Structure formats: structure tokens, C-alpha cells
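Novice: Fold the stuff below for me.
(chains A and B)
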Protein chains: 2
Amino acid sequence: MDLKGYLRERAVLVDAALDRWLPREEILPPRLHQAMRYSVFAGGKRLRPILIIAACEAVGGPPERALPAACAIEMIHTYSLIHDDLPAMDDDDFRRGHPTNHKVFGEANAILAGDALLTEAFRLLADAEANRGVDPAVSLRVIETIARCAGSQGMVGGQVVDMESEEHPVDFATLQYIHTRKTGALILASIQAGAWLGGGNDEQVAALTRYGETAGLAFQIADDILDIIGDQRELGKDVGSDQARGKATYPALLGLSEARRRAGELRELAIAALQPLGTSAEPLRAIARYIVERTS
Amino acid sequence: MDLKGYLRERAVLVDAALDRWLPREEILPPRLHQAMRYSVFAGGKRLRPILIIAACEAVGGPPERALPAACAIEMIHTYSLIHDDLPAMDDDDFRRGHPTNHKVFGEANAILAGDALLTEAFRLLADAEANRGVDPAVSLRVIETIARCAGSQGMVGGQVVDMESEEHPVDFATLQYIHTRKTGALILASIQAGAWLGGGNDEQVAALTRYGETAGLAFQIADDILDIIGDQRELGKDVGSDQARGKATYPALLGLSEARRRAGELRELAIAALQPLGTSAEPLRAIARYIVERTS
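Specialist: Now for the predicted structure:
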């Protein structure tokens, strides 16, 4: 299949929907809405929203029905990047080749733009007009899952343990905790949300859940590997920055070739999990390969 | 009626529910859950959750049905205080007589504890078990309203304009914008959420909406007045701190006696709005008086 074309077309859908649903820059207070839009439109790959749409399509649902949740997940992902980049956290000046939010809008506005994006994500998930045709009970399950995976025992919890891990060497169990929470949780939530919104049955949802768990971990291991070998221009951030901070990574704990072997193994497990789903899951299979083999 | 007894009994309900629904301190990562609980249990008056419960009771609903939304609003209110106190924002060392979250847990943990509380609020609002007996469509309306009132055109928007107002003198229209957004929006959302959860009809919801608008503004004007005349021990924060920062307040723009007159006028409008509701709204009438006449 033409993965590049698929990713491009879905990203166009997502970008147009984000532009439609995010408050316009001229709405009061303009500086806040500029800051929100600055980071949302700073060149992300839209991987998480595309996973929601692809999971929805894999069970036979129309891509449009997954769009509000797709945009909400991208807003949550963006808020987490804005806050992670703050001076009190990772203190990063650049992200995807652009100055980070607090470098452009100041620290206070960056904190508040993150807060507002997180809040707007849940507003959109509950918006009756945007979610026409979705069973309200399904919308609530999507909201509960996304919030659980983004919260103190999901993404935020992973970030806390990741920061603590800079202070002392961590073992493999802690590294697993960080990876499954900080990145994996939101990827899993994306896949499950898409499966429910598309009307998937229990067997399909179970298959996609296994896909989400394995592909999410593969994505993070690949990220660790890219931090060591990636091309700085393509990544748009400092290569080796995890190493410089003493952060726990798969290559640091297991060596580069063992990390590569595990990423490949997880890719195969993710693809095998999709066995019950047939050709409608072809984009998800191609995405599992892309996640591990990408160079940026 | 015995307002003190009513406030105490409802606060006990809210505190027990918050303790039940917030992740326990020993759950990973413990430092994050300690930080979340530290600020939630730092001695707040529980005004917003009590307003949700009182609005629910005013239309004949059982108080228990409003408890998840009541706790969610308190988590959102608490996250906003944690972030407002940060060095990059108001840079406050004390809140209600206790060291602020970032003074105890560090800046990064305070930012993340706020993020996690905001996220947990929406998880709880969508939790099927906690909201048994609530129509899913009503839950979605509650989530949409709370998110809208807490977001970029509500509470967060008010905070952005409030910060900008420190840099230059503001006019009365801007002061109104700040007050209706920064404090008023979440109070209005509380009242409306309670009215819907209690099963209120259109006339009752309209009456409570007018109450929420007027009582919310009265609350903020009273806060401005207390900042000037309040007793430092009772308030637990520095008296005159708004003045020292050059913040726009009602007394600063209109004079103390005119600010008092307007607060009293809004109190009477709030009480008059409840006319269609009869004796079940007695606690809300007493709260309108308390909001304007309190000394802390």
C-alpha cells in the first residue's frame, strides 16, 4: 500500500479539522490563542490522530467520525510537549526545528497555553455538534480512557518518573514503566478510541488493544535509538540529548543491537495482533513498519 | 436556615468523595500523588463543589448525584491555584497559610500535579461507575460546559488578561472581562452542572443561570474588597497584594463604597433570580448573602 499517500491524506484531514475547531487567533485573548496554535501547527507528524483514524477505519468506521477525538489527542500531545519543554522541566529551546513555546510567548503564557489545549481537548470530545452520530455512552468511554491514559497513572506519571530517573541510574523495570506511560499510554488510548468510535466488536477491540500496546512500545524504543543515531537536521532537536542528560533508554540499558532486535520483535507482534482484521487494517500494518524503520 | 451547618455537612461529603476518588499517595508515582493531594486538602472552603450540590438540591436532585462533578470542579479550581502560584505567574510562596505546591514539591512537580488534577477531573466526570444513574447525554453536557468555562475563553483566558493587566492600567470593560472569566465562569459552570444533574427543567436552569452569573461576579468583587480590608490571618495571604501588584480591582477603579454598593446589588439580583425555585433554593440564597458578607 501507499503509506506515504495515506499519511499525507489523513494529516490533511486532521490539520483542517484542528484549524476549524481551535479558537481563531483574533478571539480574546489573542496572545493565548496564538500560543496554542503556534505549537499545534509547528510541524508535528500527526501520528496519534492518524492512529485513531486508522483504527476507526480498520473496524469499518468512517474517518470523519474519529476526527474530534483525533484532534483532541493531538491537542493533548501538544500540551505535553509545551510543558515538557519548560525551563523547570527539560528546558529545551528548540522543538522540530522551531523555538519552543516559552521562548516565543514567555513562560507564563506557555504554561497557560498548555492548560488551555488540555482543557479544549476535553471540550471537543464532549461537543455534541462535533460528535453527531456518536453514541453518548461511547463518547464517555473515549473521554474516560483518554483521560486515564493522559493522567497521573499514564502520561503525566511517566513524565514524573522520567524526570526522577535523571537523578540516579534506573533499572529495566523503571524504564519499562516510563516508556509504557509517557508515550505508550496515549498511543494505546488513540487505538482504543478509534476502535470504539468505528463501532468495533469485542474481538476487534481486543486485537487493536494488543496492537496499541506493542506498537506504542516499539515507537518509544525506536525514538531512543534515533536519539543516538538520528540525523540532527531531520529530528529538529539535539541528537544525543537523552544521553547527555543521563536519561534511561533502551540502548543505554540493553545495547544498541539488542534494542533494535526488540523493536523489530514488537513490530512483528503488532502486525500479528491484527490478524483478525483483514485488509481494512493494512494502514495500521504499514504504520507498525514505519514506526520502527523511520529516520526522524 | 443554618448555613454554617449546611456548608459544614456538604464540605464533609465533598472531602470524603475527594479522598475516595483521588489516587492514593502510595500509588506510583507517589511524589506526584502526594503533590496532588497536598493542594486539594490544603484547607479550601469547597465553595464551588457546594454550589453544584446546592443547585442539584434546589431542583430536587439528590446531593450524591452531583458529587463526581463537585469533586471535578474542586480539582480544576485547585490546579488553577497551583499554576497561578508558580514563579512564572504570580510567584506566591503561601496560600491559605500553607507553603504553595512548588515551594514543597518543586516547580516541575507542581506543574505536573496541576496537569494531572485537570486531567483527573475530566476522567471522573466521564467515569461510568461514579456517575451511575446519570444520563450519558447529561454527563457530556456537563463536561462540555465545565471545559468551556475553564478553558481559553473562560478561566484560563481570564488569567492571561489578568497577567497582561499588571503591565498597564486597564479600563472597566477589561476588569469585567477578567472577573467574569477568571472566577465567574467556573462558578456559573458549577451552578449549571448542578441544575442539569439534578434534573432541572428549562425554567429552573434559566433561573439558576442568572443566579450563577450575578453571584459569581459578587464573589469576585467581595474578593477585591477583602484584599484591601481583610484580616491577613483570616485570609492566609498577604493583604493588599493585589494593590501592590497594580492589579485591576473594583475598589481601585470605582472606589470602595461604590464597589460595596455593587456587590450588595448583585447579591439582591442573585436572590431575586431564585424566585421560581421555592424553599429548596434556601441554601443558595444564604450562600449569596455569605459570599458578599464573609470576612475571609
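Novice: rest of the way, CA atoms for contacts and neighbours
Specialist: Will do.
Novice: okay, and the helix or strand of chain A with the least pLDDT?
Specialist: Ranked by mean pLDDT, DSSP states H and E, the helix or strand of chain A with the weakest confidence is helix A:232-235, at a mean of 54.
Novice: List the residues that contact the one residue sitting closest to the centre of chain A.
Specialist: Nearest to the mean C-alpha position of chain A, by Cα atoms, centre = their mean, lies residue A:48 at 4.3 Å. Contacts of residue A:48 were listed using Cα atoms under 8 Å, 6 or more residues apart in numbering or on different chains, and they are A:70, A:73, A:74, A:186, A:187, A:190.
Novice: do the same with residue A:285
Specialist: Neighbouring residues of residue A:285 by Cα under 8 Å, 6+ apart: A:270, A:271, A:274.
Novice: State the mean pLDDT of the helix or strand that contains residue A:176.
Specialist: Applying DSSP states H and E as the criterion places residue A:176 in helix A:172-179. Averaged over helix A:172-179, pLDDT sits at 93.
Novice: Same question for stretch A:265-274.
Specialist: 98.
Novice: Touching that stretch from outside, list them.
Specialist: For stretch A:265-274, the external contacting residues (Cα under 8 Å, 6+ apart) are A:207-208, A:210-215, A:217-218, A:281, A:285, A:288-289, A:292.
Novice: Filter those residues down to the buried ones.
Specialist: Applying 16 or more other Cα atoms under 10 Å in any protein chain shown to the contacts of stretch A:265-274, the neighbour count classes A:207-208, A:210-215, A:217-218, A:281, A:285, A:288-289, A:292 as buried.
Novice: and which of those residues is nearest to residue B:148?
Specialist: Residue B:148 has its nearest neighbour among these in residue A:212, at 30.7 Å by Cα to Cα.
Novice: Show the pLDDT at that closest one.
Specialist: Predicted confidence (pLDDT) for residue A:212: 98.
Novice: thinking it is in contact with residue A:195, fair?
Specialist: No: the criterion here is Cα atoms under 8 Å, and residue A:212 misses it with residue A:195 at 10.8 Å.
Novice: Flag every residue of the stretch 51-200 of chain A that's near chain B.
Specialist: Residues of the stretch 51-200 of chain A found near chain B (Cα under 8 Å from any Cα of the partner chain) are A:83, A:88-89, A:107-109, A:111-113, A:115-120, A:122-124, A:126-128, A:136-137, A:139-141, A:143-145, A:147-148, A:150-153, A:156-157, A:160-161.
Novice: switch the cut-off to 7 Å
Specialist: A:88-89, A:107-108, A:112, A:116, A:119-120, A:122-123, A:126-127, A:136-137, A:140, A:143-144, A:147-148, A:151-152, A:156-157, A:161 (Cα under 7 Å from any Cα of the partner chain).
Novice: Let's see which of these end up in helices.
Specialist: A:107-108, A:112, A:116, A:119-120, A:122-123, A:126, A:136-137, A:140, A:143-144, A:147-148, A:156-157, A:161 (DSSP state H).
Novice: The closest residue to residue A:170 other than its chain neighbours: neighbouring residues, count only.
Specialist: Excluding its sequence neighbours, the residue lying closest to residue A:170 (Cα to Cα, 6 or more residues apart in numbering or on different chains) is residue A:248, at 6.5 Å. Other residues within reach of residue A:248, judged by other Cα atoms under 10 Å in any protein chain shown, total 24.
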